[in-house]
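Participant: heads up, no residue letters with this:
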């Protein structure tokens, strides 16, 4: 026992975060936590804790740092908007209504008040849009801008869809298209020129002013249509792999949900739209979810009711991993997505 | 109207945070918040929101950045312990039991896993000590270590003591002595040598491993002994001024609660123990509170029961500000305390 764990633990301790990646580090740190036996979600989009027989508390925090998470061309108003949207999107994926939030902001001492104010105006716009209160927060000093948004909600329903709830035979849907943020990254980080200005604007807007699918998520879960769900902010491939591995099933992608404009521009750039959308997107804030086949007619009806696009992308089968059906053949989809420290 | 507000707003926008200080910036940002009419504390140690007729949600976030809040000689285990203690202390001051927390950590990619692990071991030790769960959190990347601790609790009692509840005739108490952290700052930041090793160790321990007065705070409020209270982490002078100004009363300090060892060492260093303790301490995490005179016998009884020191320091009078009674004369106490960006 000692001989087996001792060298492992030494190696881990002296490993650097960049050699491990965000997810491995989190899994390791979780083993150290003083856990609540009443917390029922485990490693998922939100935490859910029982307060009383019929009342559960839902919680989530997300952070952004200037150096790692904020493109340098992004305006401060959008930073505030996106900070809130990131967390609301996790509540949307689980169908739990958020109530309010605390915002914690660390800023360098020579920041302009106008910059900080713009962030808070973005936060306010998002609070009003999603109808979520700002209850309080903290303000501190540091080397760079770091923002944290901590959102709390309550629910009577403890049958919240998890990442592990997908069943063989389920169909897989998304609440919208992917691929515009891929384009935005190419434009902002790699200097790619996109001539079609409407597409370029849509791409930048998708990255700077994303919209969480709160109404869709709340209604989908309220009507009991969802077996498994995840917020797709870490990318489409990563989101599908997460559902497949936690649910111990295989996901077969038949129709990758690529935005028509992104598909066209990516193809013009001699890039493979499917590959780019699966692996090099992220921060789309769409819900990826699975629905039992018999409930699909109800889903279609709901789509018309909400005027929302629920895009069919594939199905859940026995097995493991994620594959893409191309010209009748199954191609393995790698697990690649956004991960800090990598 | 326009002529009056236009130049003001331009000046504020182009002001830097360091020209304004933390409190002015917070007060300005609060005007931008999408506020919850059911939030009943206002600007106080915690936020308190009504969930149902008889159920309130209590929330607080505190942050620490490596560059501004963590002495460079502080070990990572203590960082984790103190992060939790900081927030629990706010719950203690309001007499609300904390239930659980989320921890958000931003770290540079070349941090050692062992360092991060040590922080989480400190968090775990504190969680076990205060009996508060770690429900979840976030891990991200940035230029320096930034930690956030979000704590949530619930209470049936909405008669939580505020900072504004002090009444003329109340007596003012603290849950313990001040001054050891003053010594610790002198030792760590100004290289002052303290020969008495027991006092030196006590001072460093007070700064690195403070203990929130959770049991005392919960019992004091449960028994209805407190009119006004505040967590003293911003320093004794600032805490007393905050109660005085929010309650619109004057506070007269008769017996500054100076730790006997700190008093001796400060005097040996030719420093004024009263001045140093009032103005140059902070992060003591004692509760400063006011008690109606007729309830003082009950407070004394509780002190014996809990084996806790409730130190009488002064009284609440008509007027404003804070004064110190020295040799029968009232000296004005300035409002000086810990503030970011200053």
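Facilitator: Sure thing, it's come through. What you are looking at is a predicted structure, and each value in this text was computed from that prediction instead of being measured. Numbering: from 1, shown residues only, chains lettered A, B, ... in the order given.
Participant: how long is stretch A:230-237 end to end?
Facilitator: Its first and final residues considered, stretch A:230-237 spans 12 Å by C-alpha to C-alpha, to the nearest Å.
Participant: cool, stretch A:281-290 as well?
Facilitator: From start residue to end residue, stretch A:281-290 stretches across 21 Å - C-alpha to C-alpha.
Participant: is that stretch anywhere near chain B?
Facilitator: No - legend: contact between stretch A:281-290 and chain B by C-beta under 8 Å from any C-beta of the partner chain is lacking; minimum distance shown is 13.6 Å. All C-beta atoms are positioned from the backbone trio N, CA, C, and that covers glycine.
Participant: tell me the mean pLDDT for that stretch?
Facilitator: Over the span of stretch A:281-290, the pLDDT mean works out to 94.
Participant: same question, stretch A:245-257
Facilitator: The predicted confidence, averaged over stretch A:245-257, sits at 97.
Participant: So what touches that stretch?
Facilitator: A:43, A:162-168, A:172, A:174, A:176-178, A:228, A:236, A:240, A:243-244, A:273-274, A:277-278, A:286, A:311-325, A:330, A:333 (C-beta atoms under 8 Å, 6 or more residues apart in numbering or on different chains).
Participant: so of the residues you listed, which ones are in strands?
Facilitator: When DSSP state E defines the strands, the subset of these inside them is A:172, A:174, A:228, A:311-317, A:321-325, A:330.
Participant: List the buried residues of whatever helix or strand residue A:230 lives in.
Facilitator: Here residue A:230, judged by DSSP states H and E, is contained in strand A:228-231. Residues of strand A:228-231 classed as buried under the neighbour-count rule (16 or more other C-beta atoms under 10 Å in any protein chain shown) are A:228, A:229, A:230, A:231.
Participant: any chance of these in JSON lines, plus distance to residue A:263 and pLDDT?
Facilitator: Below are these laid out as JSON lines (distance: C-beta to C-beta, whole Å; pLDDT from 0 to 100):
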{"residue": "A:228", "distance to residue A:263": "27", "pLDDT": "98"}
{"residue": "A:229", "distance to residue A:263": "25", "pLDDT": "98"}
{"residue": "A:230", "distance to residue A:263": "23", "pLDDT": "98"}
{"residue": "A:231", "distance to residue A:263": "23", "pLDDT": "97"}
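Participant: near chain B, which of the residues you listed show up?
Facilitator: Among these, chain B is touched by none when using C-beta under 8 Å from any C-beta.
Participant: wait, what's in contact with the closest residue to residue A:188 other than its chain neighbours?
Facilitator: Spatial nearest neighbour of residue A:188, chain neighbours left out: residue A:71 (5.0 Å); criterion: C-beta to C-beta, 6 or more residues apart in numbering or on different chains. If a contact means C-beta under 8 Å, 6+ apart, then residue A:71 has A:188, A:189, A:207 as its contacts.
Participant: ditto for residue A:43
Facilitator: With contacts taken as C-beta under 8 Å, 6+ apart, residue A:43 has the following neighbours: A:26, A:27, A:30, A:163, A:246.
Participant: Three-state assignment for the second one, please.
Facilitator: Counting by DSSP: H, G, I helix; E, B strand; the rest coil, the backbone at residue A:27 sits in helix.
Participant: residues near it, how many?
Facilitator: For residue A:27, the count of nearby residues is 11 (other C-beta atoms under 10 Å in any protein chain shown).
Participant: contacting residues for it?
Facilitator: When contacts are counted by C-beta under 8 Å, 6+ apart, residue A:27 touches residue A:43.
Participant: sorry, back to before: contact partners of the strand holding residue A:230?
Facilitator: Contacts made with strand A:228-231 from outside it, assessed by C-beta under 8 Å, 6+ apart, are listed as A:45, A:89-90, A:92-95, A:161-166, A:170, A:217, A:220-221, A:239, A:242-243, A:246-247, A:285, A:287-290.
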